[in-house]
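Show me how the following folds:
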Amino acid sequence: MASEHVERKLAAILAADIAGYSRLSGADEEGTMRRLCALRIELIDPAIQVNRGRIVKTTGDGILVEFISVVDAVRCSLEIQRGLAVRNADFISEKRIGFRIGIHLGDVMVQADGDLLGDGVNIAARLEGIAEPGGICLSDDAYRQVRDRLKEEFTDLGDKELKNIARPVRVYSVKTGSDPSPPEPHAAAPGKSGPPRLSIVVLPFVNLGGDPEQEYFVDGVTESLTTDLSRIRGAFVIAHNSALAYKAKPVDTRQIGRELGVRYVMEGSMQSIGSRIRVNAQLIDAETGAHLWAERFDKLRADLFDMQDEITARLARMIGIELVEAEGRRAERERPDNMDAMDLAMRGWAIINQPSSLDDVRRARAHFEAALRLDDANIDALVGLAESYTLEGRSYASHDLSDLSEHMRTAEAATAKALRTAPNNALAHYVRATVLHRMRAPERALRECELAIGLDQNLALAHAYAGFMKVLLGRPEETEAHIAEAIRLSPRDPQLSRWYFFRGAADLYLGRIDDAVEPLQKAAELHPNHNLNHFFLAAALALLSREVEAAEACAAGQRLDPTFSVARFRELAPSNNPVYLALRERVYDGMRKAGVPEG
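Sure, this is the predicted structure:
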């Protein structure tokens, strides 16, 4: 009788599990499981997704992943181990979660349910077993695929006898560059001792009403906010468990700063008021006790998880902006002639984060360029450089189209380099979307937005930009939902003017002229230095026969860009989608009626 055919293939297999899982679980089973779940959501699963991996199966403390490329498998492993090193910095050694990872390239058998069997899987599992906690071991077959393709340092460990594997396997380890202590980006600036830059503790929020049913919700907001702030590149965030030691105790922020070694303290409170939840939050300089930022808002009661998500997303976005601004001011004050790459990148982002003029954009770019001269791989500077070019291109300030094309090539190269180093950086994917938009590739830009949202579902910037890409793809009726989600997540965002512009533009393209006027007016009020805010508003007003107001809006745009014309606006259309181009004719007509010259 003929034997049943078995499907086989060559695959890169990654096997990982937690070192000392039984000990960790025995000491704190629930806490260990919570941390492990958070790691899966925030770090491990996104790393696998970005590097094109497929999770084959999981166990309580282990995971088996298939990749089409060993390079992808190693890059994924490095992302995970380096991310773990950052998260472990807040824990004593006995409580740190350390993964062992093994990688092999070999033949596997494919089961009907997608499971994989065979020596290809077994060798990866055995390699994982001999790896150090926080380490990565590769077989010789896997090593040959990456030795000339990755810049990482490999160590030859020699031939190893692996349990139940017939022949010895040559094994190599990868130097991850991770360390139990905080990595270099968290360090204090050269020549100055003290707490790390961007270091913060989120103190347990106070439950003002004392309602015990609300206590879990309040603690959940604090923990989620700690997690969201940890996503800020270069941030050093004290673990939630450590911050709990200060719950229900008198707060002296300067003492807490000294005890925990942080520069900033965030504290807040929550209170039930009828059908609403009131949230108060403050960001405090732990060295001086000065209040740097405060926010108060009311939220209608809803599903607890939805409320928690919205509150934490809103606070995390604003705190991230304020931290960068505070650190930039500190650098200019304390070491104006000795700023390092991180200082300079933060100064650039402090400018970019606020509505700005063309001069401001170019000033920010100068900071990013200076940072890259000191460290040509600085992720924040690379992403910031690209964003500065897209901001300039968006204003059509470059009269020479060859200059605009060269700027976009530079921006594309910068985002590509950033993503090679940090493929899980959601902000880098978002900025790459803005670059692709200017390169007339809205389909690819939308995919980058979707990838950014997959990595960070609370990235309001990506939600809003996805909505605008729908306009360029001839689907403006879908835009409003995206903009509404962005505003829900960050209702006082510095980029709010752009989001109102996106919504107003979508309404204008759809012929909903009355609806378009209000968001376009808001865009112009919030960011009066952006020419298109005024020209689009002028077009909408003219189409409504509000000639005097239209002429005023047109004049405001022309003061910013005297060379703007209908012909140049048509020439720079960022999409070839026929539906979009047809809808755009309405805008040209409105601009002509408002007084914008034809050419």
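
what's the longest helix in the chain?
helix 304-334 (DSSP state H).

by contact count, what packs against that one?
Under the contact definition 3 or more C-beta pairs under 8 Å, 6 or more residues apart in numbering; DSSP states H and E, helix 304-334 sits against helix 212-230, strand 264-273, strand 276-285, strand 291-300, helix 341-352, helix 479-489. In short, each C-beta sits where N, CA and C put it, glycine included.

Show me the one of the ones you listed that comes nearest Ala47.
helix 212-230 (15.0 Å; C-beta to C-beta).

okay, that closest one in CSV with CA atoms only?
These are the backbone C-alpha positions of helix 212-230, laid out as CSV (Å, rounded to 0.1, in the frame of the first residue of the first chain):
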residue,chain,number,x,y,z
PRO,A,212,-14.2,50.2,45.9
GLU,A,213,-15.7,49.2,42.6
GLN,A,214,-13.8,52.0,40.8
GLU,A,215,-10.5,51.1,42.5
TYR,A,216,-9.7,48.4,39.9
PHE,A,217,-10.5,50.8,37.1
VAL,A,218,-8.3,53.5,38.5
ASP,A,219,-5.4,51.1,39.0
GLY,A,220,-5.9,49.8,35.4
VAL,A,221,-5.6,53.3,34.0
THR,A,222,-2.4,53.8,35.9
GLU,A,223,-0.9,50.5,34.7
SER,A,224,-2.0,51.1,31.1
LEU,A,225,-0.5,54.6,31.1
THR,A,226,2.8,53.2,32.4
THR,A,227,2.8,50.7,29.5
ASP,A,228,1.9,53.4,26.9
LEU,A,229,4.7,55.7,28.1
SER,A,230,7.1,52.8,27.9
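
Show me how far that helix is from its chain's centre.
Counting by C-alpha atoms, centre = their mean, to the nearest Å, helix 212-230 is centred 21 Å from the centre of its parent chain.

average pLDDT across stretch 433-444?
Taken as a whole, stretch 433-444 has a mean pLDDT of 92.

go on, stretch 215-230?
Computed over stretch 215-230, the average pLDDT equals 82.

what's the answer for stretch 516-525, then?
96.

Likewise for stretch 347-366?
So the average pLDDT for stretch 347-366 ends up being 84.

Now do the buried residues in it.
347-353, 356, 358, 360-361, 363-365 (16 or more other C-beta atoms under 10 Å).

Tell me if I am right that Cys137 is in a strand.
Yes - checked against DSSP: H, G, I helix; E, B strand; the rest coil, Cys137 lies within a strand.

How many neighbouring residues does it have?
For Cys137, the count of nearby residues is 29 (other C-beta atoms under 10 Å).

for the buried residues of stretch 347-366, which one is nearest Gly504?
Distance to Gly504 across the buried residues of stretch 347-366 (C-beta to C-beta) is lowest for Ser356, with 20.3 Å.

returning to that earlier point: dump the helices and strands packed on helix 304-334 to CSV, plus distance to Leu572.
Shown next, in CSV, are these (distance: least, C-beta to C-beta, whole Å):
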stretch, distance to Leu572
helix 212-230, 37
strand 264-273, 42
strand 276-285, 40
strand 291-300, 38
helix 341-352, 22
helix 479-489, 20
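
so where is the stretch 151-300 of the chain shaky, pLDDT-wise?
Per-residue confidence for the stretch 151-300 of the chain (pLDDT under 70) gives these ranges: 177-194, 213.
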